[in-house]
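Enquirer: The sequence and its predicted three-dimensional model are supplied below.
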Amino acid sequence: MTLDEIKRHIEQHLPDVALKPVRESLLVENAADLTRVVEFLKDDGVLQLNYLSSVTGVDYLTFLECVYHFYSVENKTYSLQLRVRVDRDDPHIPSLVPIFRGAEFQEREAYDMYGIQFDGHPDLRRILMWDGFAGHPMRKDYQQEDSEVLDGDDIEWLRKHDVSVSEEHIKMAESLRTGGESEETQSEQAEA
Amino acid sequence: MFFGWGILRGMNITLMNFFRSYTRKRGSGEIGALTTVQYPEERLPVKEKFRNFPFLIYDDKPEDLRCVACDICAQDCPPRCIYIVKDTDEAGKPMKKPAVFDIDFTVCMNCGICEEVCPFDAIFMDHEFEIADADRHDKLLYHRDDLLKTNEHFHKIRPNDGREVDARLAEAKEAKAKKDEARQKAAEAKAAAKAKAEAEQAKEGEPPEEKKETDAQ
Amino acid sequence: MFEKLRVKTKVIDSGASGLDTQTLEVNVGPQHPSTHGVFRMTMVLDGEVVKSLRPVMGYLHRNHEQIAENITYSASMPYTDRLDYFNSMSNNQAWAMTVEQLAEVEIPDRAEYIRVIMSELTRLVNHVSVIGFLLNDMGAFFTPTLFAFREREKILDVFEAVSGSRMMCNYLRFGGVNRDLTDEQLGQIKVIVADFPAFLDEFETLLAQNEIVCMRTQNVGVLPAELAINASVTGPMLRASGVNYDIRKVDQYSVYDRFEFKIPLGEKGDVYDRYYVRMLEMRESLKILNQALEQIEPGPFMAPKVPACLKNPRNFKPPVGEAYCRIEAPKGELGFYVVSDGSKEPWRYHVRAPSFINLTVLEAMCIGYKLADAIVILGSIDIVLGEVDR
């Protein structure tokens, strides 16, 4: 079945859902419709897309997106890719865990890496990063750890090998040693 | 069968392997033969394609290293462990040699991509793997002079590749020499033709004076 | 057959008998010899019986996906070796196929056959090691594992001769393979494939009818088929529950449509079925290898029109678009999702790791069984932490 046929079939049964073909996938324009569409895909006698293969979060700079890949165990000839777009500041997508249990860990990973809130997920917490971690690392605007910041041991090694260290670096190292907030805010304050 | 028959059959297999370790020849690949090698007293021969850390190659003298500091391996290295600085002569003009060529062996992941992308056959993967050290910073950061090894070393560890690389370089040298020769000949022919054309032109233009000149010549 | 002999667990109900009991929360891992890596399970135990189980992962998170967003496509190839570090050739194949789908590159036949041979050898390596580790977890301390490793060493010697490294092979490239297989190396592979069935017979005799193994694995960790499909379980675990889904037959990627092989299915979905399905899959892999070694013919091993990829990978810029490609890795469905924005680095790179997703059902399978059974069930899921945490 081609993408157009699948789209028409879904629109026949769910006429109020807005779908748009984007590259080789269907974009569900309203994120709140997602659970209805997915339930239909799973229970429909014709499509029988009952195997959710992958849930991925993607960051396009103006919005966040979540991509789903569906396959069918009975009809092995076609597959379907769905997308949902949300804005970056308050991303909420209904969770697919009540329908597909396989989405549990993958949605937790999308939350951990991108900050997408999945409403209805039974246990939404960080999975790959440790529990006290602040921030969502895979976002494109995530400030990575500054490799320009040296600490006391590095400065000592450089001095031993006759490399001059600038005053700025020495000050930053001192502030790291005396403690305070995270390294990132320290270095940002020092550079500002 | 009785309870325990499966366990006895399994134990029989273990027993057969135990006896076979004495009767079957070591390293023959048959089931039951011993395969353990008592390292470091015995060592298995290293295969030719085995890739471990990289080394730079030179032909006759260490100053004639093949590397021209083009920076391609440094840009293609996945963990970015190579650091190159081009050498400059007295006038400040960049030369085709590296002044600094550092590889951090604590970062290098032995992928071999630097060898594949080098267009000058200057860097290859060595077979040395016993280079562990207690100091993480000094000893495992290799500089240009630590990395230089001869072409003979390359032939010793990788004879097939050595022959191939030498053949390729010889071919390239020959082709270049032929091209240079052809260009030289073409330039000479052109110069001769030009001189001849000028002489004829001069002859046609002013016959009496020319004749005098040619007589003088 | 031995179910009658299995001693049934009698859980003492604290209210009824008048004993004042408490549950105990125990951490299994992350440093534990049986958890196949740095993996932690937080279990709530009532005596020895598991009441609830929470897997905690992320101890080996190396940020592979973000690294791949900052380096070129070819430079990601050695990093994919390190995802599922037992089966590096399969990971390479999945990544190579994804980029070839994105950039629409055709691969010559000989390269496809070489890839299939390497994948099936990897499947042999993986299944034989997993069965060895499963028995390790059960207490047969290392004897079956070392028998398995003896055969694995022969295959790793072939990998070293072909690609330069035993485990982190970095052998496949976009458009084909790195170097050709010489006739000598093909001969080595033929010898291995000829000797393997005898070893498999012995391995099976060692373990399949063993009463202790049967008592500890039959009817333990049963996974019903509907739950398996719903939880996106793939690989031998899915097939042991009776679901006929093998991506080599479904998608028929590479040249798998030219080989005849069967898909072994289990009945009950317990640990014994998963172990036996892997045993039978090894025999099917040997059939594929025999056919591939007969059908392979001399030819080019790299696509002639690869777009500027071999000699300067830093200039390889695939067209704008995305691709999702999946293969039947030994552990399940390994998929790569890549979004390209036309530059030389991917915009988004995601790995659909089978071990990560197969762990969803760990809790459902372990509840009601003892702690020792939970270790055996974890061993039968066949995880490797490089993939779980990326």
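Expert: Structure received.
Enquirer: where along the chain do the strands fall?
Expert: Using chain A here. For chain A, strands defined by DSSP state E occupy the ranges A:19-22, A:25-28, A:51-60, A:63-71, A:79-87, A:92-94, A:117-119.
Enquirer: my bad, the chain I had in mind was chain B
Expert: B:54-58, B:82-88, B:94-104, B:123-125, B:141-142, B:148-150.
Enquirer: Please identify the nearest residue in space to the closest residue to chain C within chain A, excluding sequence neighbours.
Expert: Here chain A gets closest to chain C at one residue, residue A:102, 2.6 Å apart by CB to the nearest CB. All C-beta spots, glycine's among them, are computed from the backbone N, C-alpha and C. Distances taken as CB to CB, 6 or more residues apart in numbering or on different chains place residue C:232 nearest to residue A:102, at 2.6 Å, with adjacent residues excluded.
Enquirer: tell me which element the closest residue to residue C:103 other than its chain neighbours falls in.
Expert: Once flanking residues are discounted, residue C:103 sits nearest to residue C:318: 4.2 Å by CB to CB, 6+ apart. Using DSSP states H and E, residue C:318 sits in no helix or strand.
Enquirer: circling back to that earlier point, okay if I get the strands of chain B as CSV plus mean pLDDT and distance to chain A?
Expert: Shown next, in CSV, are these (pLDDT from 0 to 100; distance: least, CB to the nearest CB, whole Å):
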stretch, mean pLDDT, distance to chain A
strand B:54-58, 90, 23
strand B:82-88, 88, 14
strand B:94-104, 87, 13
strand B:123-125, 91, 25
strand B:141-142, 88, 11
strand B:148-150, 88, 22
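Enquirer: Quick one: closest of those to residue C:81.
Expert: strand B:123-125 (15.6 Å; CB to CB).
Enquirer: near chain C at all, that closest one?
Expert: Yes: interface with chain C: strand B:123-125 contributes residue B:125 (CB under 8 Å from any CB of the partner chain).
Enquirer: Which strands or helices does that strand pack on?
Expert: Judged by 3 or more CB pairs under 8 Å, 6 or more residues apart in numbering or on different chains; DSSP states H and E, the packing partners of strand B:123-125 are strand B:54-58, helix B:113-117.
Enquirer: tell me the most buried of those?
Expert: Of all the helices and strands packed on strand B:123-125, strand B:54-58 carries the top mean neighbour count, a mean of 21, counting by mean count of other CB atoms under 10 Å in any protein chain shown.
Enquirer: Quick one: name the residues of chain A near chain C.
Expert: A:23-24, A:50-54, A:56, A:58-59, A:67, A:69, A:71, A:73, A:76, A:81, A:100-106, A:113, A:126-130, A:137-138.
Enquirer: From residue B:158, how far off is the one residue in the stretch 151-300 of chain C that gets nearest to chain A?
Expert: Nearest to chain A in the stretch 151-300 of chain C, going by CB to the nearest CB, is residue C:232, at a distance of 2.6 Å. Distance, residue C:232 to residue B:158, by CB to CB, to the nearest Å: 46 Å.
Enquirer: swap in residue C:330?
Expert: 32 Å.
Enquirer: still on that earlier bit, got a PyMOL select line for the buried ones in the residues of chain A next to chain C?
Expert: Selection of the buried residues among the residues of chain A next to chain C in PyMOL, burial being defined by 16 or more other CB atoms under 10 Å in any protein chain shown:
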select buried, chain A and resi 50+51+52+53+54+56+58+59+67+69+71+73+81+100+101+102+103+104+105+106+113+126+127+128+129+137+138
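Enquirer: And residue C:232 and residue B:158? Which one has more around it.
Expert: residue C:232 (28 against 22; other CB atoms under 10 Å in any protein chain shown).
Enquirer: Next one, pLDDT for that one please.
Expert: Listed pLDDT for residue C:232 reads 91.
Enquirer: Identify the residues contacting it.
Expert: A:51, A:52, A:53, A:100, A:101, A:102, A:103, C:357, C:360 (CB atoms under 8 Å, 6 or more residues apart in numbering or on different chains).
Enquirer: for residue B:121, same thing?
Expert: B:57, B:66, B:165, B:168, B:169.
Enquirer: With the flanking residues excluded, which residue is spatially nearest to the second one?
Expert: Read that as residue B:66. residue B:122 (3.8 Å).
Enquirer: and that neighbour, how many neighbours?
Expert: Residues near residue B:122, counting by other CB under 10 Å: 20.
Enquirer: What spatial separation is found between it and chain A?
Expert: From residue B:122 across to chain A, the span is 27 Å (CB to the nearest CB, to the nearest Å).
Enquirer: quick one: contacts for that residue?
Expert: By CB under 8 Å, 6+ apart, residue B:122 lies in contact with B:56, B:57, B:65, B:66, B:67, B:68.
Enquirer: Could you do residue A:77 as well?
Expert: Taking CB under 8 Å, 6+ apart, we find residue A:77 in contact with residue A:1.
Enquirer: Which positions in chain A make contact with chain B?
Expert: Proximity of chain A to chain B (CB under 8 Å from any CB) is limited to residues residue A:157.
Enquirer: At which residues are the helices of chain A located?
Expert: A:3-13, A:34-43, A:103-114, A:152-160, A:167-177, A:183-191 (DSSP state H).
Enquirer: ok, and which of those helices has the densest surroundings?
Expert: Counting by mean count of other CB under 10 Å, the most buried of those turns out to be helix A:103-114, with a mean of 24.
Enquirer: Pull the distance from it to the chain's centre.
Expert: 7 Å (CA atoms, centre = their mean, to the nearest Å).
Enquirer: hang on, the earlier thing: for the residue nearest to residue C:103, the count of nearby residues, please.
Expert: By other CB under 10 Å, 24 other residues sit near residue C:318.
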